[in-house]
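Asker: got a structure for you, letters missing:
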């Protein structure tokens with residue numbers, strides 16, 4: 001069997017890839033015949049070794065091939081010739097999945113072969129207009145949130161078709177709304193571009209127990225006009241990510257599985273993985289509980305948001 005997944009919308013293409021892998025693993029429990037090859041690191045010889053190897057178990061093979069189109073034209077031709085020789089498209093015992101981020105060169109022999117011959121060929125183009133709005137509604141509901149039509153349109157206009165960013169914005173909105181319907185005022189407050197990088201820098205300082213630097217960065221946010229409640233929500237969002245990733249890491253989940261398990265952007269996974277090394281799981285639980293306490297205290301008027309931020313930083 002041949003499967004070809006490609007296109008610029010890597011969020012949905014990655015979801016589809018994970019869905020295919022999960023179905024395979026549910027049926028073939030040992031996982032010994034499941035292989036992933038990144039052609040930035042491996043080559044056709046590695047594919048040949050895997051495809052020709054025999055198995056101790058009567059299980060179907062699944063081979064995931066990524067970044068194949070990074071190879072030179074002549075090498076792509078060799079891959080086509082090998083796929084034809086092995087007759088992968090009619091092979092019921094081996095599933096070969098070509099996964100390509102972005103648009104592959106459609107002039108290549110490999111592209112023409114794959115779109116013509118595979119059992120499944122799916123292109124993932126960026127969602128727009130009604131399709132994007134429908135996706136936002138469904139994704140928000142799946143994350144336990146509620147959102148009205150006008151707000152969906154505003155969110156779509158603010159973020160566009162980058163579903164990695166959109167998913168993270170929805171996470172923040174659902175967390176902030178706390179079971180209430182997400183409205184336009186939440187979009188105005190929470191959906192801001194490029195703030196995440198600055199928040200990561202502040203949390204990096206906290207992770208290194210450099211409170212002086214963390215406070216300076218925090219007040220820099222405030223001087224630049226960032227809303228205190230927004231900053232607390234961003235802290236809650238990232239410490240929630242840290243807690244989730246740390247929990248999975250302690251359960252033995254490998255790094256390459258984290259994006260699939262958490263649905264976080266690879267950049268967020270990379271930063272979170274580095275930051276969590278400086279915290280124990282119990283520390284993260286305490287910090288996250290403190291954030292929730294401060295959130296309640298702010299909403300009930302028992303503490304000023306700016307004071308809450310200072311307490312948070314000094315308490316870590």
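Answerer: Yep, that arrived. This one's a predicted model, so the numbers in the text were calculated from it and none came from an experiment.

Asker: so what's residue 159 up against?
Answerer: Going by CB atoms under 8 Å, 6 or more residues apart in numbering, residue 159 touches 165, 166, 169, 191. Heads up, the C-betas are built off the backbone N, CA and C, glycines and all.

Asker: now do 6 Å
Answerer: Contact analysis of residue 159 by CB atoms under 6 Å, 6 or more residues apart in numbering lists 165, 166, 169.

Asker: quick one: which of those is most hemmed in?
Answerer: Greatest neighbour count in the contacts of residue 159, by other CB atoms under 10 Å, goes to residue 166: 23 neighbours.

Asker: SS state for the closest residue in space to residue 276 that isn't next to it in sequence?
Answerer: Nearest residue to residue 276, sequence neighbours excluded (CB to CB, 6 or more residues apart in numbering): residue 246, at 4.6 Å. Per DSSP: H, G, I helix; E, B strand; the rest coil, the secondary structure class of residue 246 is helix.

Asker: give me the subset of the contacts of residue 159 lying in strands.
Answerer: Per DSSP state E, strands hold no members of those.

Asker: so which of the residues you listed sit within helices?
Answerer: Among the contacts of residue 159, DSSP state H puts 165, 166, 169 in helices.

Asker: quick one, strands of this structure?
Answerer: Going by DSSP E, the chain shows strands at 2-7, 34-38, 61-66, 94-101, 120-123, 146-147, 181-182.

Asker: for residue 208, which of these is the nearest?
Answerer: With CB to CB as the criterion, residue 208 lies closest to strand 34-38 of those, at 32.0 Å.

Asker: roughly how far is that closest one from the heart of the chain?
Answerer: How far strand 34-38 lies from its chain's middle: 19 Å, per CA atoms, centre = their mean, to the nearest Å.

Asker: still on that earlier bit, report pLDDT for the residue nearest to residue 276.
Answerer: Note on residue 246: pLDDT of 94.

Asker: so how far is residue 243 from residue 251?
Answerer: 13 Å (CB to CB, to the nearest Å).

Asker: oh, I was asking about residue 76
Answerer: 43 Å.

Asker: compare these two (neighbour count), which wins?
Answerer: residue 76 (22 against 19).

Asker: need the contact list for that one.
Answerer: 108, 110.

Asker: rerun that using 7 Å as the cut-off
Answerer: Counting by CB atoms under 7 Å, 6 or more residues apart in numbering, residue 76 touches 108, 109, 110.

Asker: low-confidence ranges in the stretch 51-200 of the chain?
Answerer: The stretch 51-200 of the chain contains residues with pLDDT under 70 at 55-57, 192-198.

Asker: how about the helices in it?
Answerer: Here the stretch 51-200 of the chain has its helices, by DSSP state H, counting those that start in this stretch, at 73-86, 109-116, 129-142, 149-159, 163-177, 184-190, 195-207.

Asker: of those helices, which is nearest residue 258?
Answerer: That would be helix 163-177 among the helices of the stretch 51-200 of the chain, by CB to CB, at 14.0 Å.

Asker: which other helices and strands contact that closest one?
Answerer: On a contact count with 3 or more CB pairs under 7 Å, 6 or more residues apart in numbering; DSSP states H and E, helix 163-177 meets helix 10-27, helix 129-142, helix 149-159, helix 184-190, helix 228-250.

Asker: run the chain-centre distance for the first one.
Answerer: The one in question is helix 10-27. Per CA atoms, centre = their mean, the centroid offset for helix 10-27 relative to its chain is 13 Å.

Asker: now it: average pLDDT?
Answerer: Helix 10-27 comes out with an average pLDDT of 92.

Asker: quick check: angle from that helix to helix 163-177?
Answerer: 90 degrees (axes from the mean of the first three to the mean of the last three CA atoms, to 10 degrees).

Asker: what comes up buried for helix 10-27?
Answerer: 10, 11, 12, 13, 14, 16, 17, 20, 21, 24 (16 or more other CB atoms under 10 Å).

Asker: so the third one touches residue 124, yeah?
Answerer: So that's residue 12. Yes: with contacts counted by CB atoms under 7 Å, residue 12 reaches residue 124, the gap being 4.9 Å.

Asker: so how far is residue 149 from the residue nearest to residue 126 when sequence neighbours are not counted?
Answerer: Nearest residue to residue 126 in three dimensions, chain neighbours excluded: residue 161, at 3.6 Å (CB to CB, 6+ apart). Distance, residue 161 to residue 149, by CB to CB: 19 Å.

Asker: could you do residue 177 as well?
Answerer: Counting by CB to CB - residue 177 and residue 149 are separated by 16 Å.

Asker: residues contacting residue 208?
Answerer: Residue 208 makes contact with residue 278, according to CB under 7 Å, 6+ apart.
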